[in-house]
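In: based on what follows, work out the 3D shape:
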Amino acid sequence: QVQLVESGGGLVQSGGSLTLSCAASGFTKSNYAMRWYRQAPGKERELVATIISADGSTNYADSVKGRFTISSDNAKTTVYLRMNALKPEDTAVYYCNLAYIILRSRYDYWGQGTQVTVSS
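Out: Sure thing, here's the model as predicted:
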């Protein structure tokens, strides 16, 4: 059974930094994507960053480009989101997502979420 366990959220002042971690277990697929989403109160869930296991390519939302960095460990079982120059508008619950496709069917797994609060 796939499990994603997030950690690293907290309260930080504007301009500060945090690193979120997402430890994945229970899967053996070699080609998958891991993503960080976030959801602020009263807003829809937003895709923040993506990393592709096959080639390590990454992609970011415009709102976080140049400030956030997504990466994974050598075993590719843990994904990180380094967040620099945090702004109050980055305040949200951050969710880790693992997705892969088998025979044209997509499988998605989610972490429990971790709260990030940026004070002004």
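In: in the protein, which strand is the longest?
Out: Scanning the chain for the longest strand, with DSSP state E as the assignment, gives strand 92-102.
In: avg pLDDT for that strand?
Out: Mean pLDDT, strand 92-102: 95.
In: hmm, who's touching that strand?
Out: 2, 4, 6, 9, 20, 22, 24, 27, 29, 31-40, 43, 45-46, 48, 79, 81, 106-111, 113-116 (CB atoms under 8 Å, 6 or more residues apart in numbering). The way it works is simple: take the backbone N, C-alpha and C, and place the C-beta from them, glycine included.
In: selection in ChimeraX covering whichever of these are buried, please.
Out: The ChimeraX selection below is limited to those of the contacts of strand 92-102 classed as buried (16 or more other CB atoms under 10 Å):
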select :4,6,9,20,22,24,27,32,33,34,35,36,37,38,48,79,81,109,111,113,114,116
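In: in helices only, show me the contacts of strand 92-102.
Out: With helices taken from DSSP state H, there is no overlap with the contacts of strand 92-102.
In: one step back: dump the longest strand of the chain to PDB, restricted to CA.
Out: Extracted C-alpha coordinates of strand 92-102, given in PDB (Å, rounded to 0.1, in the frame of the first residue of the first chain):
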ATOM      1  CA  ALA A  92      -1.600  27.100   2.900                       C
ATOM      2  CA  VAL A  93      -1.800  23.400   3.700                       C
ATOM      3  CA  TYR A  94       0.800  21.700   1.400                       C
ATOM      4  CA  TYR A  95       0.100  18.200   0.100                       C
ATOM      5  CA  CYS A  96       2.500  15.700  -1.500                       C
ATOM      6  CA  ASN A  97       1.200  13.700  -4.400                       C
ATOM      7  CA  LEU A  98       2.500  10.600  -6.200                       C
ATOM      8  CA  ALA A  99       1.100   9.700  -9.600                       C
ATOM      9  CA  TYR A 100       1.800   7.100 -12.200                       C
ATOM     10  CA  ILE A 101       0.100   5.600 -15.200                       C
ATOM     11  CA  ILE A 102      -0.500   2.000 -15.900                       C
END
